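**Q** Sequence plus predicted model, see below.
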Amino acid sequence: MSDTILETKRLRLEPFEETDFPFLLEQHSDPEVNRYHSPGPRPMTADEVKVRLLEFIERNDGSGFGRCKLTTHGGDYIGRAGIDWMTDPDGYELAYSLKRTAWGKGYASEIAEALTRWFFETTDNTFLIAYAHAEHNASQHVMRKTGFKHWFDREKHGVPCAFYRIERSDLI
């Protein structure tokens, strides 16, 4: 079993391992899950998922940063979440993606709030970024509920996106 990075009342965040491939493949085989993610509203191929999983594993250096496996305390895989460095704009980004069966249960808000608190408690950074496809209203709702404020709109990866930002001072 992996080392736990963060736990909430219902959720556990752990680094991905190669054995997590079937879980990530199941998640990204659903075109609705991918609707607002790269590569768009189509199932990802097994090769695309393998590449993504290896990137997640490689980028996780034990610090807690990176995309991580999100499970319930009962051990059910429900998605991925984490904080990682992004460019254009430069800064740390909060990210989350859940299996469709986990939608509407408050899991995204729960992990977003916990990761945001964790980020500001464990770093000296003054802000955190999150963004979503401009039409992904549910994800933007989670960001606002977590305390993020709309920052600007523009294309990223060829799609219209809404960028949000939360300042350390917003939590004090």
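**A** Looks like it arrived, so ask away.
**Q** Could I get the buried residue list for the helix-or-strand element of the chain with minimal mean pLDDT?
**A** For the chain, the helix or strand with the lowest mean confidence is helix 31-34, at a mean of 88 (criterion: mean pLDDT, DSSP states H and E). Within helix 31-34, the residues that count as buried by 16 or more other CB atoms under 10 Å are 33-34. Heads up, the C-betas are built off the backbone N, CA and C, glycines and all.
**Q** for the following helix or strand past that helix, packing partners?
**A** Note on helix 31-34: by DSSP states H and E, the next helix or strand toward the C-terminus is helix 46-59. Identification of packing neighbours for helix 46-59 by 3 or more CB pairs under 8 Å, 6 or more residues apart in numbering; DSSP states H and E yields helix 21-28, strand 66-72.
**Q** Distance of G74 relative to R12?
**A** G74 is 10 Å from R12, where distance means CB to CB, to the nearest Å.
**Q** Of the two, which one has the most company?
**A** Shown here are G74 and R12; by other CB atoms under 10 Å, R12 has more neighbours (20 against 7).
**Q** Now the more buried one: closest residue in space, sequence neighbours ignored.
**A** Closest residue to R12 apart from its sequence neighbours, by CB to CB, 6 or more residues apart in numbering: T71 at 5.1 Å.
**Q** what residues are up against the one you found?
**A** Residues near T71 by CB atoms under 8 Å, 6 or more residues apart in numbering: 11-12, 14, 77-78.
**Q** Perfect, I'm done here.
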